[in-house]
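> Here is the input, now give the coordinates:
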Amino acid sequence: MQTVHEIQDRFDVYVRKLGHSLVMFLFTGSTTANPSFVVMVYETGQLRTVDQNDILVYGNPGNPNSPFIPDIPDGWEPDNSSDKKTLMEALRKREM
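The predicted structure is shown next:
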């Protein structure tokens, strides 16, 4: 059985193949599953569920003034396909 926790002090992470994101919820782990997180991807505005092994945390969530920026491993960069629309592009077109 897993439990869902809303993160009150949300924090920034880098997610494998998705990029810079904001952690919003935590699904606790169990004997058969790793903890996972619901994140909002900054570039697209999508909500995605990701495994704990696919995130790198910026700074120290307990200390918002922490300047730590993780090294992004090779192969973790998002796919930059030409048909992918960013949230800002979609909003600009909607305003027209």
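
> Checking N53 next. Helix, strand or coil?
Local secondary structure at N53 is given as helix here, using DSSP: H, G, I helix; E, B strand; the rest coil.

> Could you count how many residues lie near it?
By the criterion of other C-beta atoms under 10 Å, N53 has 9 neighbours. Just so you know, the C-beta spots here come from the backbone N, C-alpha and C atoms, and that holds for glycine as well.

> Same check on T44?
Other residues within reach of T44, judged by other C-beta under 10 Å, total 19.

> cool, and Q2?
Around Q2 there are 12 residues (other C-beta under 10 Å).

> check contacts around the closest residue to it other than its chain neighbours.
What sits nearest to Q2 in space, not counting adjacent residues and going by C-beta to C-beta, 6 or more residues apart in numbering, is F27, at 5.0 Å. By C-beta atoms under 8 Å, 6 or more residues apart in numbering, the contact set of F27 is Q2, T3, V4, H5, A33, P35, S36, F37, V38, T49.

> same deal with G62?
For G62, no residue meets the contact criterion (C-beta under 8 Å, 6+ apart).

> how about A33, secondary structure?
coil.

> confidence score at T31?
For T31, the pLDDT comes out at 83.

> So it versus M1, what's the distance?
Using C-beta to C-beta, to the nearest Å, one obtains 10 Å as the distance from T31 to M1.

> What sits closest to P35 if chain neighbours are left out?
Spatially, and ignoring its direct neighbours in sequence, P35 is nearest to G29 (4.2 Å; C-beta to C-beta, 6+ apart).

> so how many other residues sit close to the one you found?
G29 is flanked by 13 other residues according to other C-beta under 10 Å.

> wait, what's in contact with it?
So G29 contacts Q2, P35, Q52 (C-beta under 8 Å, 6+ apart).

> Tell me how many other residues crowd V23.
By the measure other C-beta under 10 Å, the count of residues near V23 is 20.

> Can you give the strand pairings for the longest strand along the chain, parallel or anti for each?
The longest strand of the chain (DSSP state E) is strand 19-27. Strand 19-27 has its sheet partners listed here by DSSP bridges as strand 4-6 (antiparallel), strand 12-15 (antiparallel), strand 36-41 (antiparallel).
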